[in-house]
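A.B. asks: Starting from these lines, generate the structure:
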Amino acid sequence: MIFVGIDDTDSLESRGTNKLARELVRQVSDRFRCRAIVRHQLLFDPRVPFTSHNGSACLWMEARSGTATDAELVTLFDDLRAGMLADFIEGSDPGLCLARTVPSEITEWGRRCQQEIVTQDEARELASRFDIKLEGLGGTNGGIIGALAAIGLTAAGDDGRIVQWQEWPDELTGPTPVERVISKFDCSKVKRRTIRGRLVQMVVSCGQESSMLASMRVRICESIEPACSSLLRHPIQWTLRIGAR
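C.D. replies: Now for the predicted structure:
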């Protein structure tokens, strides 16, 4: 697996970290397959410079050829750097990192970035200690903090919001029948549930969800066949709607 962290600490004029992440995945898709793009919320504090929400993203990838060589990873990093620099907006402070494996210390760093003020020097020391490629790409280079945090949090598997799963096109928005979502995977079936004799229709809230759907949010992970367990590596919010089909 390959973990790529990005944080462009977007300015008001930039496209935003999530859109940039999707574009970077597209640019290298001939050689690297996207497993997921995961957004992580970091510390929301006025002392931390950010435009809107202080989030960073991890591009969770794998080489189409199998196991990427060190030379291929160097080329990947160079290509991603070029893509971010081409998108650079004055006033942003982007950072980029890449790792083949992510030790627990980097996950602990990610947790700290969600709870307290940290420094670039700390980020650089950690990256150097574990041979993780980390680079600031302009401005104050403050994005290296979020970039390193993103790979640690994604590797933990229990934090973040998926903004792209594998190589789906972006046509899934709003409440979507779970069968349509599961059809993207090698899953045999979805178990049906009934409540007081009425069929439960399982719906996935894709993209931006309404406050109504948020209030209906429940976990139904146990309803999914074990063959779909990889789908649940990161939190995906499921909703239940009761009614006849």
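
A.B. asks: List the buried residues in the longest helix anywhere in the chain.
C.D. replies: Across the chain, the helix with the greatest residue count (assigned by DSSP state H) is helix 70-86. Counting neighbours by 16 or more other CB atoms under 10 Å, one finds that the buried residues in helix 70-86 are 73, 76-77, 80-81, 83-84. Where you see a C-beta, it was placed from the backbone N, CA and C, and this is true even at glycine.

A.B. asks: quick one, what contacts the nearest residue to T140 once chain neighbours are set aside?
C.D. replies: Take T140 and drop its neighbours on the chain: the residue closest to it by CB to CB, 6 or more residues apart in numbering is D93, 4.5 Å away. With CB atoms under 8 Å, 6 or more residues apart in numbering as the criterion, the residues that contact D93 are 8-9, 49, 136, 138-143.

A.B. asks: which of these are buried?
C.D. replies: With neighbours counted using 16+ other CB under 10 Å, the contacts of D93 contain these buried positions: 8-9, 136, 138-139, 141-143.

A.B. asks: Nearest to N18 among the residues you listed?
C.D. replies: Distances from N18 to the buried ones among the contacts of D93, taken as CB to CB, are shortest for D8 (10.3 Å).

A.B. asks: Of the buried ones among the contacts of D93, which belong to strands?
C.D. replies: If you go by DSSP state E, these have G136 in strands.

A.B. asks: Next up, phi/psi of the residue nearest to T140, please.
C.D. replies: When quoted as degrees, to the nearest 10, the phi and psi of D93 stand at phi -130, psi 70.

A.B. asks: Quick check: pLDDT value at it.
C.D. replies: pLDDT, the model's per-residue confidence, is 85 for D93.

A.B. asks: Quick check: the residue nearest to G143 when sequence neighbours are not counted vs S56, distance?
C.D. replies: If you skip the residues right next to it in sequence, G143 has G95 as its closest partner in space, 2.9 Å away by CB to CB, 6+ apart. Per CB to CB, to the nearest Å, G95 is found 8 Å from S56.

A.B. asks: and what of G138?
C.D. replies: For G138 relative to S56 (CB to CB), the value is 16 Å.

A.B. asks: buried set for the helix or strand hosting A57?
C.D. replies: With elements taken from DSSP states H and E, the one containing A57 is strand 55-63. Within strand 55-63, the residues scored as buried using 16+ other CB under 10 Å are 55-61, 63.

A.B. asks: same check, this time on stretch 110-127
C.D. replies: The neighbour-count check on stretch 110-127 (16+ other CB under 10 Å) flags 110, 112-113, 118, 120, 123-124, 126-127 as buried.

A.B. asks: Stretch 143-163 too?
C.D. replies: Neighbour-count burial for stretch 143-163, counted by 16+ other CB under 10 Å, picks out 143-156, 159-163.

A.B. asks: hang on, the earlier thing: what is in contact with G95 and S56 at once?
C.D. replies: With CB under 8 Å, 6+ apart as the test, G95 and S56 both reach 5-7, 143, 146-147.

A.B. asks: Looking at these, point me to the pair that's furthest apart.
C.D. replies: Greatest spacing in the shared contacts of G95 and S56, by CB to CB: G5 and G143 (9.2 Å).

A.B. asks: what touches both of those two?
C.D. replies: Between them, G5 and G143 share these contacting residues under CB under 8 Å, 6+ apart: 56, 95-96.
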